[in-house]
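Asks: Give me a model of this one.
(2 chains)
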Amino acid sequence: MQLDAKIPAGPLAQKWDKHRFELKLVNPANKRKYDIIVVGTGLAGGSASASLAELGYNVKTFCIQDSPRRAHSIAAQGGINASKNYQNDGDSDWRLFYDTIKGGDFRAREANVYRLAQLSGNIIDQCVAQGVPFAREYGGQLANRSFGGAQVSRTFYARGQTGQQLLLGAYSALSRQIAAGKVQMYTRREMLDIVVIEGHAKGVVVRNLVSGEVEKYAADAVVLATGGYGNVFYLSTNAMGSNVTATYRAYKKGAFFANPCFTQIHPTCIPVHGTYQSKLTLMSESLRNDGRVWVPKKPGDKRKPSEIPEAERDYYLENKYPSFGNLVPRDVASRNAKEQCDKGKGVGETRLAVYLDFADAIKRDGKETIAKKYGNLFQMYEKITADNPYETPMMIYPAVHYTMGGLWVDYNLMSTIDGLFVLGEANFSDHGANRLGASALMQGLADGYFVIPYTIGGYLATTAKKQIKTDHLAFRESEKNINDFTNKLLSIKGKRTVDDFHRQLGNVLWEYCGMSRNDAGLEKARKLIQELRGEFWKNVLVPGSGREFNQSLEKAGRVADFLEFGELLVIDALSRKESCGGHFNEAHQTEENEAMRDDENFCHVSAWEYKGYGNDPVLNKEPLTFENVKLTQRSYK
Amino acid sequence: MTKTLNLTLRVWRQKGPDSAGKLETYDAKNISTDMSFLEMIDVINEQLTLEGKEPIAFDHDCREGICGMCGAVVNGRPHGPEKGTTLCQLHMRHFSDGDTIFIEPWRSRAFKIIKDLAVDRSALDIIIQAGGYVSVNTGGAPDANAIPISQETAEKAMDAAACIGCGACVAACPNASAMLFTSAKISQLALLPQGKPEAAKRAIEMVRTMDKLGFGNCTNERECEAECPKEISIVNIARMNREFFKASFFSDVK
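Replies: This next block holds a predicted model:
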């Protein structure tokens, strides 16, 4: 299939303006005749629900949590980028665009990324107007800090809780629309299928997680904002409930899945400490502003950090990358941490950790200043590890954190199913092969506040309106499939728990499809996942029934999807015979062990098309053309 | 140093909102002191599942103390014994070998039990819907630096805005009052210039809604402040009361 990204013609900086003018509008009086479904209430889904309702559409919003305020966007710590240039340090839309394209290792669309940079300033304005308490300077102006992959200070923040404050801003706007009756809010609902009628997305089927009932909802368009699939690795920094089910089931209905192998391993997480561990905790990248990363020079050095003199420490990031130092992009920092540990220079009980040391920063700025910047992060670290980072260096190790891959969307954020739009982390659009810090919040809110309100109008205004009811055959079929699926899971009554399977799947992916990958390992992983999936459907044990609050059943459905999706991830990794950003294939590296792209053969988006269970998916390529930047080997030296 | 503990758990089990519940006893063996409290429940749930029993239902999500989804009353205290800590961030190193631990759901007239430890906290969303926002539509906001806000004010607003909406304040209060929760939002927006135009209406509507939902009143027990995992101060309740009186006596809002 020929993928049409619908990128507007004309100079880069004018594309979005021109496109907005060319998009057809829905008359204000007619907007109330349209129903829109939004699934997910993170930054993208929450802001989209509120903004669409403000325009006059009837919105039905769904989330799996007990309240729309809890989506995992809430856990983002460090900040949100915007090209405001408040610091007078040379920032501009163009620079934010360039940093993001380069940071993504030239695997994102120019037009989308430029639009993101253009909208970044509006987001800050909007959030401040809502009462988001961003950090301020003494004079009352907004404060900024630096983040990885950039040499300007453009990150806005609210202590270490920026995601929380931005999400609560979107949640407040959403709450206002719920009170006004323009948004119908459905909490504790899990989307289990998209209903497609005559090629258009016309509704969703969900499970009411409290009663267990399967419910059907029709609409004129569906917006998915259901986040990323990092939990396919079992251990990740994602919330326990984060899953691939909504996007994977849309994929099975005809939405292409783009670049699933582009996964981000975040360099600064608290190391793994036991097999019972349920999740990993991120320590904000902003810590790399003041913390210095080091390991002992001598492999196997078991001395306490305080006993290792300065001359016997290897500040490997500062030594290797003098111009960016500790602030290299995430993929580079993560790979270097792994490299040091592979050399036997890792620290801590498991030897799978490196130090992040604040001693110099405390000496320079005083403990109070450091506490003001990172107090809550230090406190969180101490709670988990029982170590005090003011006195002894933190220990960190990379962990799965974000997924750049997602459902393929065009410039309008519409998937390959007409009328199905995908926002935020759930789509693949803006971060290429590696996302820069503080850019996820920016993208989620840009999509929800400032892109979808226009582009969905363009779709609705050019599509013949057709009233669909939920007793339509397509809805009934979908409902039946879901009930069959549930009954099958409950009837196996095997010997292994859902978590047990999930943990094993995660181990396979982390081992063979993690920070570095090779063809032999990937082939092996594919086989192991197929076998594990076979065993799952014979030997899983799901207690309880389908007609009740049943958290084991919820997990079982998600893990069943992960077991299929994990294979797709590996297939994508196998097909991309180059290294770029988060995808590092050992066969493709420079002499200095940096990722080596193959622009000749792989300068494209890989969009996978579902061909039925047991059949290989089909690869469709969207070529990436760069008219405004020159493709270079990324260098942060 | 990592050690292991053997514990006795007394856990509240309740099938549904209208069924009777009771405390069940479980042995928790070889629990690592590095585990979080919820990881300890995960271990018990794996055991129960393999024994053909129903695992304990409990709400949780981010497991890093920010989403506000988890929470249970542990030995009589919401989120357990550690100050300023959510249940997911409470580690087993704070317990001793041989301890008996009582685990119960939040209890309040306004929070119905769904199953076991999971409760329905949608009343808190309804309080926010009554006015916990600035009425500004998307688009057309002035430049973010157009209104300077002093660092002190921004910090105070942030202190209040840190609330995670977990409901521990309600569970801790002998009156099951939601005043700490409500006042945190009222304070955040009353402190900031953006929230001023609607301050009077907000205070009256949110307080009225809170009362209607069946939450109790504040009698200065300060249990909420003591148990709040984000250590939100009851100064916010005082500020809410000021806002409410000011609005009632000196504004046109009825």
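
Asks: Backbone dihedrals for the closest residue to A:Gln141 other than its chain neighbours, both of them.
Replies: Nearest residue to A:Gln141, sequence neighbours excluded (C-beta to C-beta, 6 or more residues apart in numbering or on different chains): B:Asn145, at 5.3 Å. For the C-beta atoms, the positions are set from N, CA and C on the backbone; glycine is no exception. Main-chain torsions, B:Asn145, degrees, to the nearest 10: phi -90, psi 10.

Asks: so how many other residues sit close to B:Asn145?
Replies: Residues near B:Asn145, counting by other C-beta atoms under 10 Å in any protein chain shown, number 18.

Asks: Poorly predicted segments of chain B, please.
Replies: For chain B, the stretches with pLDDT under 70 are B:1.

Asks: ok, the residue of it found nearest chain A to B:Ser36 distance?
Replies: Shortest chain B-to-chain A distance, computed as C-beta to the nearest C-beta: residue-wise this is B:Pro148, at 2.8 Å. Here B:Pro148 is placed at a distance of 42 Å from B:Ser36 (C-beta to C-beta, to the nearest Å).

Asks: same deal with A:Val205?
Replies: 35 Å.

Asks: So for the two, which sits in the more crowded spot?
Replies: Shown here are A:Val205 and B:Ser36; by other C-beta under 10 Å, B:Ser36 has more neighbours (27 against 23).

Asks: dump the residue contacts of the residue nearest to A:Gln141.
Replies: A:Lys84, A:Tyr86, A:Gln141, A:Leu142 (C-beta atoms under 8 Å, 6 or more residues apart in numbering or on different chains).

Asks: could you redo those as a markdown table and give each row neighbour count and secondary structure?
Replies: Output for those, formatted as a markdown table (neighbours: other C-beta atoms under 10 Å in any protein chain shown; DSSP: H, G, I helix; E, B strand; the rest coil):
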| residue | neighbour count | secondary structure |
| --- | --- | --- |
| A:Lys84 | 20 | coil |
| A:Tyr86 | 21 | coil |
| A:Gln141 | 14 | coil |
| A:Leu142 | 21 | strand |
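
Asks: domain ranges for chain A?
Replies: Following automatic domain parsing, one finds the domains of chain A at A:267-400, A:476-622.

Asks: quick revisit: next, count neighbours for the residue of chain B closest to chain A.
Replies: 15.

Asks: Contact partners for residue 219?
Replies: This is for chain A. By C-beta under 8 Å, 6+ apart, the contact list for A:Ala219 reads A:Asp35, A:Ile36, A:Ile37, A:Lys60, A:Lys202, A:Gly203, A:Val204.

Asks: my bad, chain B
Replies: Here B:Thr219 is in contact with B:Pro174, B:Asn175 (C-beta under 8 Å, 6+ apart).

Asks: Which residues are in contact with the residue of chain B closest to chain A?
Replies: A:Arg136, A:Gly139, A:Gly140, A:Gln141.

Asks: Which among those count as buried?
Replies: A:Arg136 (16 or more other C-beta atoms under 10 Å in any protein chain shown).

Asks: hmm, back to that, now the contacts of B:Asn145 as JSON lines including pLDDT?
Replies: As requested, those are arranged in JSON lines below (pLDDT from 0 to 100):
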{"residue": "A:Lys84", "pLDDT": "98"}
{"residue": "A:Tyr86", "pLDDT": "97"}
{"residue": "A:Gln141", "pLDDT": "98"}
{"residue": "A:Leu142", "pLDDT": "98"}
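
Asks: List just the nearest of those residues to A:Lys253.
Replies: Ranked by distance to A:Lys253 (C-beta to C-beta), those are led by A:Lys84 at 40.5 Å.

Asks: Give the closest residue to the closest one in space, chain neighbours not counted.
Replies: A:Gly121 (5.3 Å).

Asks: Per-residue pLDDT of that neighbour, please?
Replies: The confidence metric pLDDT takes the value 98 at A:Gly121.

Asks: For it, grab the count of nearby residues.
Replies: 18.

Asks: Then A:Glu391?
Replies: Neighbours of A:Glu391 (other C-beta under 10 Å): 10.

Asks: and it, what pLDDT?
Replies: Per the predicted model, pLDDT is 95 at A:Glu391.

Asks: need the contact list for the residue nearest to A:Lys84.
Replies: A:Ala82, A:Ser83, A:Lys84, B:Ala144.

Asks: A:Val605 too?
Replies: For A:Val605, the contacting residues are A:Leu3, A:Arg107, A:Arg109, A:Ala258, A:Asn259, A:Trp408, A:Phe428, A:Lys621, A:Glu622, A:Leu624, by C-beta under 8 Å, 6+ apart.

Asks: what about the nearest residue to the fifth one once chain neighbours are set aside, distance to B:Arg13?
Replies: Right, A:Asn259. Counting by C-beta to C-beta, 6+ apart, A:Asn259 lies nearest to A:Gly405, which is 4.0 Å off, once chain neighbours are set aside. Per C-beta to C-beta, A:Gly405 is found 41 Å from B:Arg13.

Asks: Tell me which residue in chain A sits closest to chain B.
Replies: A:Gly140 (2.8 Å).

Asks: quick one: pLDDT of that residue?
Replies: 97.

Asks: for the nearest residue to it once chain neighbours are set aside, helix, strand, or coil?
Replies: Leaving out its chain neighbours, the residue that sits closest to A:Gly140 by C-beta to C-beta, 6+ apart is B:Pro148, at 2.8 Å. Look at B:Pro148: counting by DSSP: H, G, I helix; E, B strand; the rest coil, its state is coil.

Asks: my guess is A:Ser67 meets B:Val119, correct?
Replies: No - applying C-beta atoms under 8 Å as the test, A:Ser67 and B:Val119 come out as separate, 11.9 Å apart.

Asks: If any of the contacts of A:Val605 are buried, put those into a PyMOL selection.
Replies: In PyMOL, this line selects whichever of these come out buried by 16+ other C-beta under 10 Å:
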select buried, chain A and resi 3+107+109+258+259+408+428+622+624
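
Asks: Return the closest of the contacts of A:Val605 with respect to B:Phe215.
Replies: A:Phe428 (44.5 Å).

Asks: is it true that that closest one touches A:Met404?
Replies: Yes - between A:Phe428 and A:Met404 there is a contact at 6.6 Å, judged by C-beta under 8 Å.

Asks: Return every residue with contacts to both of these two.
Replies: Going by C-beta under 8 Å, 6+ apart, residues that sit against A:Phe428 and also against A:Met404 are A:Asn259, A:Phe262.

Asks: Now do the buried residues in the helix or strand of chain A with the lowest mean pLDDT.
Replies: Least confident helix or strand, chain A: helix A:367-385 with a mean of 89, by mean pLDDT, DSSP states H and E. By 16+ other C-beta under 10 Å, the buried positions in helix A:367-385 come out as A:Ile370, A:Lys373, A:Tyr374, A:Asn376, A:Leu377, A:Phe378, A:Gln379, A:Met380, A:Tyr381, A:Lys383, A:Ile384, A:Thr385.

Asks: For those residues, give me TSV that also has distance to chain B.
Replies: Formatted as TSV, those follow (distance: C-beta to the nearest C-beta, whole Å):
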residue	distance to chain B
A:Ile370	16
A:Lys373	13
A:Tyr374	15
A:Asn376	9
A:Leu377	11
A:Phe378	13
A:Gln379	8
A:Met380	7
A:Tyr381	11
A:Lys383	5
A:Ile384	7
A:Thr385	9
